[in-house]
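J.: Compute the structure for the input listed below.
(one chain, ligands or ions: 1)
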Amino acid sequence: MSKILIIEDEEAIADLEKDYLELSDFQVNIENTGDKGLAEALANDYDLIILDLMLPGMDGFEVCKKIREQKNIPILMVSAKKDDIDKIRGLGLGADDYMTKPFSPSELVARVKAHMARYDRLVGSVSKTNDIVEIRGIKIDKTARRVWIDGEERAFTTKEFDLLTFLAENPNHVYTKEELFREIWEMDSIGDIATVTVHIKKIREKIEFDTSNPQYIETIWGVGYRFKV
Ligand code: CA
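T.: Next up, the predicted model:
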């Protein structure tokens, strides 16, 4: 569930905003001063902040600036005065949107949803950049060609990496040495298939806790290998 922080000193407005946002399945917290709002915004993970401009203590300008120094989440600024919006823009505080009071709660909800969708797209596209394969304690980043075993990075040669990734991406499937050789070395199986055995041994030394009792790449006697899940 997406979390929203409302920083607003007028209790009636804050409660109204909270009610409407909760009806749209958002989880909402309210802080009623700039200082408390800033502390809460920095201490917890919110998906969006609704920030009033005129607040007791630290005002909305300062709160916005300080949140922006540390976080990239959408900030929707709210003000009673139209002139303030020009001022917010002019200061370049990094607010994502501005609304003038009074506004309809449904318009607020619509804007909140639009900003979240936009932010999800941006953040989502970043996290999807790398193609990750994760099986039990093994994490393979195919894009960066890096491998972690129980959180610890290990170095693999190109062919070791390709072989491990191929097996991990096709778990529970038994491959013969010939099939693996063709798959990874991309030649007809005229080459030396013993190279597969050598590579499996090297991979096991890097991923297995006990190479005599492998937990990941299993030997199927007389057939080949299988990645266990
Ligand atoms: Ca206020």
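
J.: Going by C-alpha atoms from here, please, whenever you check contacts or count neighbours.
T.: Fine.

J.: just checking, what packs against the helix or strand containing Y225?
T.: Taking DSSP states H and E as the criterion, Y225 maps to strand 224-227. Other helices and strands packing on strand 224-227, by 3 or more CA pairs under 8 Å, 6 or more residues apart in numbering; DSSP states H and E, are helix 158-169, strand 175-176, strand 217-220.

J.: what's next to it, contact-wise?
T.: 167-168, 170-177, 216-220 (CA atoms under 8 Å, 6 or more residues apart in numbering).

J.: at 10 Å instead, please
T.: With contact meaning CA atoms under 10 Å, 6 or more residues apart in numbering, strand 224-227 is reached by 135, 164, 166-180, 196-197, 200, 214-220.

J.: Show me how to select, in PyMOL, the buried members of the residues you listed.
T.: Restricted to buried positions by 16 or more other CA atoms under 10 Å, the PyMOL selection for the contacts of strand 224-227 reads:
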select buried, resi 164+167+168+174+175+176+177+178+179+180+196+200+214+216+217+218
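
J.: give me the subset of the contacts of strand 224-227 touching the ion.
T.: Checking the contacts of strand 224-227 against the ion by CA under 5 Å from the ion, not one of them is in range.

J.: Just want the residue of this protein that's nearest the ion.
T.: Residue of the chain nearest the ion, by CA to the ion: M54 (4.1 Å).

J.: Give me the secondary structure label for that residue.
T.: Classification of M54 by DSSP: H, G, I helix; E, B strand; the rest coil places it in coil.

J.: Packing partners of the lowest-mean-pLDDT helix or strand in the chain?
T.: Using mean pLDDT, DSSP states H and E, helix 82-91 stands out as the lowest-scoring helix or strand of the chain, at a mean of 75. Other helices and strands packing on helix 82-91, by 3 or more CA pairs under 10 Å, 6 or more residues apart in numbering; DSSP states H and E, are helix 60-70, strand 75-79, strand 97-100.

J.: And the ion, is that helix touching that?
T.: No: residues of helix 82-91 contacting the ion under CA under 5 Å from the ion: none, with a closest distance of 12.4 Å.

J.: Can you give the distance from that helix to the centre of its chain?
T.: Helix 82-91 has its C-alpha centroid displaced from the chain centroid by 33 Å (CA atoms, centre = their mean, to the nearest Å).

J.: What are the buried residues along that helix?
T.: For helix 82-91, a neighbour-count test (16+ other CA under 10 Å) marks D84, I85, I88 as buried.

J.: what's the angle from that helix to strand 75-79?
T.: Between helix 82-91 and strand 75-79, the angle comes out at 140 degrees (axes from the mean of the first three to the mean of the last three CA atoms, to 10 degrees).

J.: Which helix runs longest in this structure?
T.: Ranked by residue count, the top helix of the chain under DSSP state H comes out as helix 105-127.

J.: How about the residues of the protein by the ion?
T.: Contact residues (CA under 5 Å from the ion) of the chain with the ion: M54, L55.

J.: where does the chain have low pLDDT?
T.: 90, 122-129, 186-191 (pLDDT under 70).

J.: Now the residue of the chain closest to the ion. Nearest residue, chain neighbours left out?
T.: Of all residues not flanking M54 in the chain, G60 sits nearest, at 6.2 Å (CA to CA, 6 or more residues apart in numbering).

J.: returning to what we had before: winner for burial among the helices and strands packed on helix 82-91?
T.: Highest mean neighbour count among these (mean count of other CA atoms under 10 Å): strand 75-79, with a mean of 23.
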